[in-house]
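Q: Predicted model, plus sequence, below.
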Amino acid sequence: GCPVILFDMVKGDLASDDALARSLGASVVRPPRTAIPLDVLSVPSQSVEDATSGAMRFRDSFRAVSQSKLGALQLDRLRDALRDTLVAKKPARLTDVRDQYKQLGAADKRRGQDSVVATLNDLTSFELFTPEMTPAQFFSRSWILDLHDTSSELERRLIVFLILDALSNYQRSL
């Protein structure tokens, strides 16, 4: 009766096991073919404080999975882009964050496209998350997330980090 989340990272064998899904009462989601219906960027309110806190958590997850070392300017711009997006949009999407990051970087003529933009472009090539369910709705159910078909290790890791971050934030709010 306890909701569970299984990350099927390698072969897709857990996600293909219909008996397992039935016994857990779990829904199977296969990104990038099917988006995960979680508002992964959800914050309690659109206040600057909540948005800044959510932005810092996302930035830390993004930094943890990034394949390149991010500089202070990139991390500050990513936090600011996230904060601005979370204040302005409800629900916010990863494409909104990418667009805001690009806009903030447009004034800086010294740099070309940086690794954050490249990573966000990769992550938004497919719709990995759709904000259909609040964290409370999503985490009250069981899920098997079949990640073996994602296009990169970075996508797999970021999906896991963002879901765990959303879960942690949700649990703290209880």
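A: Cool, got the structure.

Q: Run through who's touching the top helix by length along the chain.
A: Taking DSSP state H as the assignment, the helix of the chain that covers the most residues is helix 153-173. Outside helix 153-173, the residues within contact range by Cβ atoms under 8 Å, 6 or more residues apart in numbering are 5, 7, 9, 31-32, 36, 38-40, 42-44, 54, 57-58, 61-62, 64-67, 119, 122-123, 126, 128-129, 135-136, 138-139, 145, 147, 150. For every residue, glycine as well, the C-beta is placed using N, CA and C.

Q: Could you pull up the mean pLDDT of that helix?
A: When the per-residue pLDDT values of helix 153-173 are averaged, the result is 89.

Q: Return it as PDB; C-alpha atoms alone will do.
A: Only the C-alpha atoms of helix 153-173 are listed here, as PDB (Å, rounded to 0.1, in the frame of the first residue of the first chain):
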ATOM      1  CA  GLU A 153      23.500   9.300 -19.300                       C
ATOM      2  CA  LEU A 154      23.100  13.000 -18.500                       C
ATOM      3  CA  GLU A 155      19.300  12.800 -19.200                       C
ATOM      4  CA  ARG A 156      19.000   9.700 -17.000                       C
ATOM      5  CA  ARG A 157      20.900  11.300 -14.100                       C
ATOM      6  CA  LEU A 158      19.100  14.600 -14.300                       C
ATOM      7  CA  ILE A 159      15.700  12.900 -14.400                       C
ATOM      8  CA  VAL A 160      16.600  10.900 -11.200                       C
ATOM      9  CA  PHE A 161      18.100  14.000  -9.500                       C
ATOM     10  CA  LEU A 162      15.100  16.200 -10.300                       C
ATOM     11  CA  ILE A 163      12.600  13.600  -9.100                       C
ATOM     12  CA  LEU A 164      14.500  13.000  -5.900                       C
ATOM     13  CA  ASP A 165      14.800  16.800  -5.400                       C
ATOM     14  CA  ALA A 166      11.000  17.200  -5.900                       C
ATOM     15  CA  LEU A 167      10.300  14.300  -3.500                       C
ATOM     16  CA  SER A 168      12.600  15.800  -0.900                       C
ATOM     17  CA  ASN A 169      11.000  19.200  -1.300                       C
ATOM     18  CA  TYR A 170       7.500  17.600  -1.100                       C
ATOM     19  CA  GLN A 171       8.400  15.600   2.100                       C
ATOM     20  CA  ARG A 172       9.800  18.800   3.800                       C
ATOM     21  CA  SER A 173       6.500  20.500   3.100                       C
END
